[in-house]
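Trainee: Kindly return the folded structure for what I paste below:
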Amino acid sequence: MPGGPRNGAGRKAVHIDLIQLEKLFGLQCADEELAAWFGLSPSTIARRRRHAEFAEAIERGRARGRISVRRAQMKLLASGNPTIAVWLGRQLLGQRDVITTEHTGSGGEPIQLAPSNPTSLNSPMRNSSSFKALLARPSLPAEIAQELAKRRLLEFVLQAWPVIEPATDFIPGWHLDAICDHLEAVSNGHLRNLLINIPPRHMKSLAVAVFWPAWEWIRWPERRWLFSSYALSLSIRDSVKCRRLIQSAWYRSRWGDRFQLTGDQNAKERFENNKTGYRLATSVGGAATGEGGDRVIVDDPHNVKEAESDTVRQGVIDWWDQVMSTRLNDPKTGAKVIIMQRIHEGDLSGHVLEQGGYEHLCLPAEYEGNKCSTSIGWSDPRQEHGELLWSARFGRQEIEELQHSMGSYAAAGQLQQRPAPAEGGILKRHWWKFYRERPGKFSEVLQSWD
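Mentor: The predicted structure is shown next:
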């Protein structure tokens, strides 16, 4: 196959079509099968897994493959063929031979599907009348999908995506897994202060401000949310999307018994449920005094156009310190989340990082060798300099176009999350003196070529 020369012996590098790779992984092909298909050795496939674009294609294929396998399982269960369904789950999904007691009934009470002691599906339990009755339930496939969505935020996002974006295909990416894992850690009480820095247009607002609160209300409808952004219109936009998701037929048919939105407080800026939970949308400097929340979230507190205004930036920081940070109902259990692109070294991210106490999930558009790791065990999977964050949507060409249009300073902050001072990081602008007339005498003459 065509390709450029390898480093070293002058052999030609084999080109791997990432679309073909994604489809093959969707079919659950092993490395040996991939190697035979592309004419490579298994060790070469293993090495290329470290490349971000290669790894993302694999993950996209696996995600689609897992969905296909789950659909096949559901069809097999519905058709009365549980043996093959169980085998598929073991071989391709890593499912255990244990039925747990984590399912809940309509009132939230646990449903005992099996004894507390693990029971193998190869045991007599599989032939018992209760297990056969479970498999015979016509609603079982939908119940399985519902349970998966309730347990994992990412699975909820995948299933709810067509409700919010019916005309747009979902594009998976490992950064979405990272965001969802950290938000789950907040939901479960493992993290209390979380800062996420990520480039624009990487699905941050949908994940944090739309899907996350709707997902949390499945199990904790009593929780209260305060959302803010630099513009009220942005906060209202996400509030409307979240309410639309909660009121959708898809959501109500699955979790409509958990809570109901109240009719007397169901506006764009604020809606409540009958379990005392609410979601309030405001803006930086907006009316939040007097309102409390279990989750205090700000999504893009700074307007990029005002990045160079010291007064405006300080106003945002003062608002956060003096107003929003004090709004937690219970400081011991509540959580604060900041998600934003960096716009200046003195922005809100820089401020809270200097203060300390925040878990920092930093996701630059291009990998520069500074690996981000967090306390929940997550680490940036990229290995090589220049590997992209979401190449399926923002490839090399798109990133370069953004860098060109933004300029070096804006790109350093908004794309790479490492804002550089506009006057220079080493040579300061104010050091340079300019003269209308040439001085008569020089103490030293320097020349430099670049």
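Trainee: who's in contact with residue 290?
Mentor: Residue 290 sits next to no residue when contact means Cβ atoms under 8 Å, 6 or more residues apart in numbering. In this view, the C-beta of every residue, glycine as well, is placed from N, C-alpha and C.
Trainee: Checking it next. Helix, strand or coil?
Mentor: Here residue 290 is recorded as coil under DSSP: H, G, I helix; E, B strand; the rest coil.
Trainee: Can you give me the separation between it and residue 226?
Mentor: 11 Å (Cβ to Cβ, to the nearest Å).
Trainee: After the worst-scoring helix or strand of the chain on mean pLDDT, which helix or strand is next?
Mentor: Every helix and strand in the chain was compared by mean pLDDT, DSSP states H and E; the lowest is helix 129-136, with a mean of 54. Next in sequence after helix 129-136, counting helices and strands by DSSP states H and E, comes helix 140-151.
Trainee: Residue 177 contacts residue 153, doesn't it?
Mentor: No: contact between residue 177 and residue 153 fails when scored by Cβ atoms under 8 Å: they sit 9.7 Å apart.
Trainee: of those two, who's got more company?
Mentor: The residue with more neighbours, out of residue 177 and residue 153, is residue 153; 23 against 17, by other Cβ atoms under 10 Å.
Trainee: Flag every buried residue along the strand or helix carrying residue 338.
Mentor: Using DSSP H and E, residue 338 sits within strand 335-340. Across strand 335-340, burial judged by 16 or more other Cβ atoms under 10 Å covers 335-340.
Trainee: Export the residues you listed as CSV, with columns for pLDDT and distance to residue 303.
Mentor: Below are those laid out as CSV (pLDDT from 0 to 100; distance: Cβ to Cβ, whole Å):
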residue, pLDDT, distance to residue 303
335, 97, 25
336, 97, 21
337, 98, 20
338, 98, 15
339, 98, 16
340, 97, 11
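Trainee: for whichever helix or strand comes after the strand holding residue 338, which positions count as buried?
Mentor: Going down the chain from strand 335-340, the next helix or strand is helix 348-355, by DSSP H and E. Of the residues in helix 348-355, 348-352 count as buried by neighbour count, 16+ other Cβ under 10 Å.
Trainee: cool, stretch 311-326 as well?
Mentor: 313, 316-317, 319-320, 323-325.
Trainee: Among these, pick out the one closest to residue 252, please.
Mentor: Nearest to residue 252 among the buried residues of stretch 311-326: residue 324, at 31.6 Å, using Cβ to Cβ.
Trainee: isn't that closest one right up against residue 295?
Mentor: No: Residue 324 is beyond contact range of residue 295, at 11.4 Å (criterion: Cβ under 8 Å).
Trainee: Overlap in contacts, these two.
Mentor: With Cβ under 8 Å, 6+ apart, residue 324 and residue 295 have common neighbours residue 226.
Trainee: quick one on the thing from earlier: in helices, which of the buried residues of stretch 311-326 appear?
Mentor: Members of these lying in helices (criterion: DSSP state H): 313, 316-317, 319-320.
Trainee: Sticking with residue 228, tell me its helix or strand.
Mentor: Counting by DSSP H and E, residue 228 is part of strand 224-229.
Trainee: ok, back up a step: for the buried residues of stretch 311-326, give me a markdown table that also has distance to residue 166 and pLDDT.
Mentor: Below are those laid out as a markdown table (distance: Cβ to Cβ, whole Å; pLDDT from 0 to 100):
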| residue | distance to residue 166 | pLDDT |
| --- | --- | --- |
| 313 | 38 | 96 |
| 316 | 35 | 96 |
| 317 | 39 | 96 |
| 319 | 36 | 94 |
| 320 | 36 | 95 |
| 323 | 37 | 90 |
| 324 | 34 | 91 |
| 325 | 37 | 88 |
